[in-house]
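K.L.:
pasting the structure only:
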């Protein structure tokens, strides 16, 4: 059972008080977007009321707005342990940012250059790179092992060569929860002279991220998956950001991050991101003291954020072990991904499964009727469900846990699933 009691934080999330089917709604929909604490709502409201202005003005609201935007960049640099806030660029979402950067990177590529993507990834980390085949770039797809849904690193090694320019890989699979060994993949990519682009959207709410320790070249994430508003963030090594030719309007700045933050950004969203990061830092101060020794050399908010995510990871793992034990005991349930608890360090608390007597859509609807919110389908990880041979029959049911979920919610969901299986 979880050794940390995160239940007091639930009061900070207005949505968690929502009633459905005669009880508090159970939000297991986090992989598609988490709920937000009140402080995020307040920060966005405050921005729109008190500091709503465009960038670069001499007047008070514009100066205050710019200060909030600068603080949001600093907050994301702290969360990712980026060397500089100048390496952080905001955008509307991860997909748009990845397309934007793939076009800029594509300007450097020549016919015969090669890019590697994986079949384990969300299509937002596949389609932008596959599109570069139009420039006569060769794109290789790395397979994964269907038995446990782990990336085939031997296949990756076999495709890396002197022509490889970029490897695009997910930190964790949004469909089946697998965490990829990013630091190892970075070593492999760099040994071949390639850059590494990491999609950390699914991993970000579940564990600490350190771009310096990972030694990746780019990393992209989505604040709405870690208790913030709908937005996207990309980190890149400053020398690479500086060298890339961005697609932008002429008056825009020529240095990062300005040249990548095209047009007018969602300033209120950045205010919300700042509040979300500070919420996580508060978790670190309140619940993460036992983990401080795990992060030597860190201090201030950067340490608090690492402590927070270490505490979250510990809590979620215990809760997820209980959930998976219950799932595997249900007759007719097929589970996808790593199910050996000794290997749960290699996955997030996101369960993908099917019941033999109902389609994934029917299961999701039946759970919704009982006040349990889960997803069904492929979640834009189309290559995963195709590889597993289940795309044409509706994909999987996906239930994801977050630190605001409880043992009681897990047991209620398991009871509903047992009822459906019967």
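P.N.:
That came in fine, so what should we check first? Being a predicted model, the structure only gives us computed values, none of them experimental.
K.L.:
any idea which element residue 121 lies in?
P.N.:
Assigning secondary structure by DSSP states H and E places residue 121 outside every helix and strand.
K.L.:
distance of it from residue 92?
P.N.:
Applying Cβ to Cβ, to the nearest Å, the value for residue 121 to residue 92 is 20 Å. Every C-beta, even on glycine, is put in place using the N, C-alpha and C of the backbone.
K.L.:
Now do the helices for the stretch 51-200 of the chain: every range, in order, please.
P.N.:
Per DSSP state H, counting those that start in this stretch, the stretch 51-200 of the chain carries helices over the ranges 60-80, 94-106, 127-130, 153-159, 182-191.
K.L.:
Counting neighbours, which bits of the fourth one end up buried?
P.N.:
What it means is helix 153-159. Applying a neighbour-count criterion of 16 or more other Cβ atoms under 10 Å, one finds 153, 155-156, 159 buried in helix 153-159.
K.L.:
Over to stretch 338-348?
P.N.:
Residues of stretch 338-348 classed as buried under the neighbour-count rule (16+ other Cβ under 10 Å) are 338-339, 344, 346-348.
K.L.:
Kindly report the same for stretch 102-121.
P.N.:
102-106, 109, 113-121.
K.L.:
Stretch 386-405 now?
P.N.:
By neighbour count, with 16+ other Cβ under 10 Å as the criterion, the buried positions of stretch 386-405 are 387-388, 390-391, 394-405.
K.L.:
Also stretch 321-328?
P.N.:
Across stretch 321-328, burial judged by 16+ other Cβ under 10 Å covers 322-324, 326-327.
K.L.:
List just the nearest of those residues to residue 61.
P.N.:
Of all the buried residues of stretch 321-328, residue 61 sits closest to residue 323, with 47.1 Å by Cβ to Cβ.
K.L.:
any idea which helix or strand of this structure has the worst average confidence?
P.N.:
Taking mean pLDDT, DSSP states H and E as the measure, strand 23-24 is the helix or strand of the chain with the lowest mean score, a mean of 92.
K.L.:
That strand pairs with which strands?
P.N.:
strand 19-20 (antiparallel) (DSSP bridges).
K.L.:
what's the spacing between the partner strand and its chain's center?
P.N.:
27 Å (Cα atoms, centre = their mean, to the nearest Å).
K.L.:
Equivalent analysis for stretch 380-396, please.
P.N.:
Relative to the chain's own centre, stretch 380-396 is displaced by 20 Å; criterion: Cα atoms, centre = their mean.
K.L.:
So which residues make contact with that stretch?
P.N.:
Identification of contacts with stretch 380-396 by Cβ atoms under 8 Å, 6 or more residues apart in numbering yields 119-124, 126, 141, 143-144, 146, 149, 173-176, 336, 352-354, 359-361, 376-379.
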